[in-house]
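>>> Below are the sequence and a predicted model for it; my questions follow.
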Amino acid sequence: MMLSLVLILLLSLSYLVFSSAHSIITFSRLDKLTQQTSNESLSARQATRELAKSIAVKPLGKLLPAQHSHKFVVNSFSYKGAHELLVEQFSVATSSLEGALQYKESFVKYPSILALPNNTKNFDVDSSITEKMFNRTLENFSHGYLPSPLSTNNCNDLQTKVVVWIEGNCLLTAKSVKHSSAKNPILLVVKNGNITFEENTTFYGLLIIIPSTSNTNKVVLHPSAKLTGLAISTRSITTDIQGTTAFSFDVLQQLQQHAALFKIIPIPGTAYEY
């Protein structure tokens with residue numbers, strides 16, 4: 001009797017040990033699968049967002065290298081608004097080369113400059129110009145709104161940047177803006193500083209002047225300097241304009257459609273996995 005009881009207890013204990021081991025193995029497998037799925041999901045989401053950022057500045061055909069850890073399917077739709085304003089919608093479906101999970105999300109690509117002024121005189125004062133052109137009040141307009149700007153405190157080295165934000169004085173020379181042209185205009189924002197166009201300086205683009213609230217800033221345009229596009233200030237400034245200025249809607253429109261000025265944002269509610 002005692003032997004039978006011991007045998008029963010040993011069998012029960014063996015069953016419990018086997019069941020526990022099986023449960024642990026099953027849980028481990030499920031945990032591993034869950035972790036793998038989570039990693040695939042995060043990786044696919046990151047790859048989708050990285051591709052979306054690239055879409056803002058590059059043609060689709062030049063986005064991906066020959067070897068990539070994910071497969072992409074991109075569908076795009078284009079729309080035109082007032083003044084030929086180009087807006088594009090992208091749908092990106094992403095899947096890993098090894099996994100079965102797919103991630104899909106849609107995005108909107110649009111110009112930072114939402115509207116262009118007509119028949120505005122150079123060096124006019126318009127305290128609401130940032131709201132009209134960028135849909136941002138002056139208080140909320142900062143370099144953070146602009147896509148990948150060169151943000152610095154002088155104009156000594158503008159590199160070949162199209163979007164430039166200066167906090168301080170700005171001395172423009174023929175060399176510093178040599179990459180500026182009617183086909184490649186510049187967006188230059190100068191805040192709290194004086195601006196000087198040196199001799200033989202030719203500037204194409206949009207100059208937004210945000211003067212200091214405590215001092216009256218000054219703009220000097222030397223006789224052989226030339227500005228084509230638009231220069232406008234949010235407050236009164238002192239000007240010494242001896243060079244040539246010409247308002248150009250065509251230059252502003254070229255700037256508006258420049259790849260460097262486009263922004264891209266995800267459309268809420270369009271992200272899902274399957």
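Structure's in. What do you need? Everything quoted here is computed from the prediction, not taken from an experiment. Numbers count the residues shown, from 1 in each chain.

>>> Spell out, range by range, the helices that occur in this protein.
Remark: helices assigned in the chain by DSSP state H are 2-55, 129-134, 249-256.

>>> Now do the buried residues in the last one.
Pointing back at helix 249-256 there. By neighbour count with 16 or more other Cβ atoms under 10 Å, helix 249-256 contains the buried residues 251-256. Where you see a C-beta, it was placed from the backbone N, CA and C, and this is true even at glycine.

>>> With respect to I55, which of these is nearest?
Distances from I55 to the buried residues of helix 249-256, taken as Cβ to Cβ, are shortest for Q256 (18.0 Å).

>>> which residues does C155 contact?
C155 sits next to 164, 166, 170-172, 176 when contact means Cβ atoms under 8 Å, 6 or more residues apart in numbering.

>>> phi, psi of it?
Main-chain torsions, C155, degrees, to the nearest 10: phi -110, psi 20.

>>> out of everything not next to it in sequence, what's closest to it?
In this structure, C155 finds its nearest non-sequential neighbour in C170, 4.1 Å apart by Cβ to Cβ, 6 or more residues apart in numbering.

>>> quick one: contacts for the residue nearest to Y272 when sequence neighbours are not counted?
Computed as Cβ to Cβ, 6+ apart, the closest residue to Y272 that is not its neighbour in sequence is K104, at 6.0 Å. By Cβ under 8 Å, 6+ apart, the residues touching K104 are 48, 91-94, 270-274.

>>> Go again with 7 Å.
Going by Cβ atoms under 7 Å, 6 or more residues apart in numbering, K104 touches 91-93, 272.

>>> Bridge partners for it, pull those for me.
On the basis of DSSP bridges, K104 is bridged to A93, Y272.

>>> What's the separation between it and T216?
Distance of K104 to T216, computed by Cβ to Cβ, to the nearest Å: 54 Å.

>>> Give me the pLDDT for A115.
With respect to pLDDT, A115 scores 91.

>>> hang on, isn't P111 packed against A260?
No: the criterion here is Cβ atoms under 7 Å, and P111 misses it with A260 at 10.3 Å.

>>> In terms of neighbours, single out the busier of those two.
Neighbour count, other Cβ atoms under 10 Å: between P111 and A260, P111 has more, with 21 against 18.

>>> was I right about L261 contacting Y110?
No: in this structure L261 lies outside contact range of Y110 using Cβ under 7 Å: 9.7 Å.

>>> can you pull the buried residues of stretch 123-136?
123, 126, 129-130, 133-134, 136.

>>> scratch that, stretch 200-211
201-211.

>>> try stretch 72-85
Using 16+ other Cβ under 10 Å as the test for burial, stretch 72-85 gives 72, 74, 85.

>>> T48: what's it in contact with?
92, 94, 103, 105.

>>> Chain neighbours aside, what residue packs nearest to the third one?
The spatially closest residue to Y103, leaving aside those adjacent along the chain, is A44, at 3.7 Å (Cβ to Cβ, 6+ apart).

>>> Distance-wise, check Q242 relative to D124.
Distance from Q242 to D124, by Cβ to Cβ: 18 Å.

>>> rewinding a little: would you mind putting the contacts of T48 into CSV with neighbour count alongside?
CSV is the format used below for these (neighbours: other Cβ atoms under 10 Å):
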residue, neighbour count
V92, 23
T94, 24
Y103, 24
E105, 22
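
>>> So, low pLDDT: which residues of the stretch 151-274 of the chain?
The model of the stretch 151-274 of the chain has no residue with pLDDT under 70.
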